[in-house]
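# kindly return the folded structure for what I paste below:
(one chain, ligands or ions: 1)
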Amino acid sequence: MNNSYDVIVVGSGPAGACAAWRLAKAGVAVAVLEKAALPRYKTCGGGVVGRAMRVLPVDVRHVVEQDCHTAQLHISPAGLSFTTHREAPIVSMTMRSRFDFALLSAAQAAGAIVQQKCAVNAIASHADFVTVFTNRGSMRAKFVVAADGALGMVGRTMGMEDGRILIPALEYEVTVPHDRLDAFHDTARFDFGLLPHGYAWAFPKRDHLSIGVLSMTKRGRDFKQSIERYLDMLGCRAATQIERHGFVIPIRPRTGPFVDKRIVLVGDTAGFVDPVTGEGISFAIQSGLVAAQCLIDMQLREESVRGAYRQSLSETILPELRAARVLAHLMYHFPRTRSWAFSHQGQRLCEAVTDVMTGKRRYRDLAFSFQTVFRFLRPRC
Ligand SMILES: Cc1cc2nc3c(=O)[nH]c(=O)nc-3n(C[C@H](O)[C@H](O)[C@H](O)COP(=O)(O)OP(=O)(O)OC[C@H]3O[C@@H](n4cnc5c(N)ncnc54)[C@H](O)[C@@H]3O)c2cc1C
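Just a heads-up that it's a prediction; the model follows:
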């Protein structure tokens, strides 16, 4: 095994795979180290929103199990329901094992070396290079892209500033009889009000449903009861099989810097997740591509890469996440205000968020109207 590369990418999720693809395409010697055996299961709804599909550098249509052109939002106990439709899919449903592997295979075809069952245990940073210690020996590179996910060790052990907020989420893979599955066809369903500070979702896959809950607070109280209630509500008690998984989602980015000690942080490692939806695939892809482009453009010079990545993030992902936090605050921490706002402007808000999910608009473009809603509401609540 060669043990010297220009760039080592730790983690083969969408952030790592897209970074590796871009680097390999540019002729950079890149290796992806993945601790799991591939393809690996990832706890996730597997919903790839239109915004993510738009930035994807490779065609992954073959792993889409079902396109959803309809999104439904239900808010209880207010009894509000809204439906949006689009001609192009709002969300394309995938299983992450296949989706991530398709991206990684594209990176490999472009020239990236992939090492599976290769867990990174430690990293040592030097003036001109980085040593990466794994269960299969040590390697060195001029740069490391840390794409090792929400609980990854790279940022933590290298003492990088954190500040992310990790929230809990449960995902049940639920097999139901086909006539029950058909009721969910073409529709991504979201339910607010089932649990405090969170929401539940039901995503149709080819042969089953991915049903989950998340809570925007650090501790998910009554989580299991909430999802069991949700299964009842959806008429899924007759499930023939249920696989239960839990993980965390970082809904606030690190305080930065996002490049330090020749290490670049991307995806969940950096905390680039939409705080309104908990959707992280879009920004994982985008940050992976942006990080790779900065490494290429700046020819792996540390100071230049640091400046270029900071600049790119401050023009793309970070302002989007900041704008999204305003809406997230309304959605999760003021339930009565939320019900009031949705009872008056619900369809408009849903259409606006659907436009963001499909990549037609950005949260930043909506900020003014959200602020207007807030100003309008404040004296009344
Ligand atoms: C329950 C749940 C539901 C979700 N639903 C959605 C959804 O429907 N749509 C959406 O867009 N987002 C969703 N998300 C968020 C989404 O899963 C993440 O934002 C996304 O996976 C981030 O991608 P990533 O590439 O940064 O990290 P990951 O996909 O987590 O990939 C990290 C990789 O690094 C590997 N790794 C970790 N440590 C090491 C190590 N030491 N050495 C080598 N390899 C290592 C891991 O095995 C893994 O393969 C959900 C999250 C949860 C928890």
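
# can we go C-alpha only for contacts and neighbour counts from here?
OK.

# so which strand or helix has residue 273?
For residue 273, there is no helix or strand it lies in under DSSP states H and E.

# correct me, but it touches residue 250?
Yes: at 6.3 Å, residue 273 counts as touching residue 250 under the criterion of CA atoms under 8 Å.

# of those two, who's got more company?
The neighbour comparison of residue 273 against residue 250 (other CA atoms under 10 Å) goes to residue 250, with 28 against 24.

# where in this structure is pLDDT low?
Scanning the chain for pLDDT under 70 picks out 1, 220, 367-381.

# helices of that one, start to end?
14-25, 50-55, 96-109, 153-157, 178-182, 223-233, 267-270, 281-297, 302-315, 317-333, 335-358, 363-377 (DSSP state H).

# tell me the buried residues in the longest one?
By that I understand helix 335-358. If you call a residue buried by 16 or more other CA atoms under 10 Å, then helix 335-358 has these buried ones: 335, 337-342, 346-347, 349-358.

# and it, how far from the chain's centre?
Relative to the chain's own centre, helix 335-358 is displaced by 22 Å; criterion: CA atoms, centre = their mean, to the nearest Å.

# could you tell me the angle between that helix and helix 317-333?
Angle of helix 335-358 versus helix 317-333, following axes from the mean of the first three to the mean of the last three CA atoms, to 10 degrees, is 150 degrees.

# show me the contacts for residue 272.
The contact partners of residue 272, by CA atoms under 8 Å, 6 or more residues apart in numbering, come to 250, 251, 252, 253, 266, 280, 283, 284, 287, 317, 321.

# repeat that with 6 Å
253, 283 (CA atoms under 6 Å, 6 or more residues apart in numbering).

# phi, psi of it?
Phi and psi for residue 272, reported as degrees, to the nearest 10, are phi -90, psi 80.

# let's check: the centremost residue of this structure is which one?
The chain has residue 280 as the residue nearest its centroid, 1.3 Å off, counting by CA atoms, centre = their mean.

# residue 273 is in contact with that one, correct?
Yes: at 4.3 Å, residue 280 and residue 273 qualify as touching, with contact defined as CA atoms under 6 Å.

# which residue sits closest to residue 195, ignoring its sequence neighbours?
Excluding the flanking residues, the one nearest residue 195 by CA to CA, 6 or more residues apart in numbering is residue 226, at 6.3 Å.

# spell out which parts of the stretch 201-350 of the chain neighbour the ligand.
247, 248, 249, 267, 268, 269, 273, 278, 279, 280, 281, 284 (CA under 6 Å from any ligand atom).

# the second one: how many residues sit nearby?
Pointing back at residue 248 there. Per other CA under 10 Å, the neighbour tally for residue 248 reads 21.

# apart from its chain neighbours, what residue comes closest to it?
Spatial nearest neighbour of residue 248, excluding adjacent residues (CA to CA, 6+ apart): residue 168 at 4.5 Å.

# residues contacting residue 124?
Counting by CA under 6 Å, 6+ apart, residue 124 touches 130, 131.

# can you pull up the bridge partners for it?
residue 131 (DSSP bridges).

# gap between it and residue 132?
Counting by CA to CA, to the nearest Å, the separation of residue 124 from residue 132 is 7 Å.

# can you list residues touching both of the two?
By CA under 6 Å, 6+ apart, no residue touches both residue 124 and residue 132.

# quick one, strands of the stretch 51-200 of the chain?
Here the stretch 51-200 of the chain has its strands, by DSSP state E, counting those that start in this stretch, at 66-68, 70-75, 80-85, 91-93, 113-115, 120-125, 130-134, 137-146, 166-175, 187-192, 198-204.

# out of those strands, the one nearest residue 103 is which?
strand 113-115 (12.0 Å; CA to CA).

# so residue 169 sits against residue 212, correct?
No: using CA under 6 Å, residue 169 is not in contact with residue 212; the gap is 7.2 Å.

# how about the residues of the stretch 51-200 of the chain by the ligand?
Counting by CA under 6 Å from any ligand atom, the stretch 51-200 of the chain sits next to the ligand at 118, 119, 120, 121, 147, 148, 149, 152, 153, 169, 170, 171.

# which residues touch the fourth one?
What that stands for is residue 121. With CA under 6 Å, 6+ apart, residue 121 has these contacts: 133, 134.

# again, 8 Å this time
Neighbours of residue 121 in contact, by CA under 8 Å, 6+ apart: 132, 133, 134, 135, 153.

# the second one reaches residue 118, doesn't it?
Right, the one you point to is residue 133. No: counting by CA under 8 Å, residue 133 does not reach residue 118; the two are 9.8 Å apart.

# which one's more surrounded, the two?
Here residue 133 and residue 118 are compared on neighbour count by other CA under 10 Å; more neighbours surround residue 118, at 20 against 17.

# what's the nearest residue to that one if we skip its chain neighbours?
residue 35 (4.5 Å).

# how many neighbours does that neighbour have?
By other CA under 10 Å, the residues close to residue 35 number 20.

# list the contacts of it.
Taking CA under 8 Å, 6+ apart as the test, what residue 35 contacts is 11, 116, 117, 118, 119, 120.

# and the fourth one, its phi and psi?
Okay, so that is residue 118. Note on residue 118: backbone dihedrals following degrees, to the nearest 10 are phi -120, psi 90.

# quick one: which of the contacts of residue 121 is most hemmed in?
For the contacts of residue 121, counting by other CA under 10 Å, the largest number of neighbours falls to residue 132: 23 neighbours.

# pretty sure it contacts residue 138?
Yes: Residue 132 lies in contact with residue 138 (CA under 8 Å); the separation is 5.5 Å.

# from residue 153, how far off is the nearest residue to residue 154 once chain neighbours are set aside?
Nearest residue to residue 154 in three dimensions, chain neighbours excluded: residue 146, at 6.3 Å (CA to CA, 6+ apart). Separation of residue 146 from residue 153 (CA to CA) stands at 9 Å.
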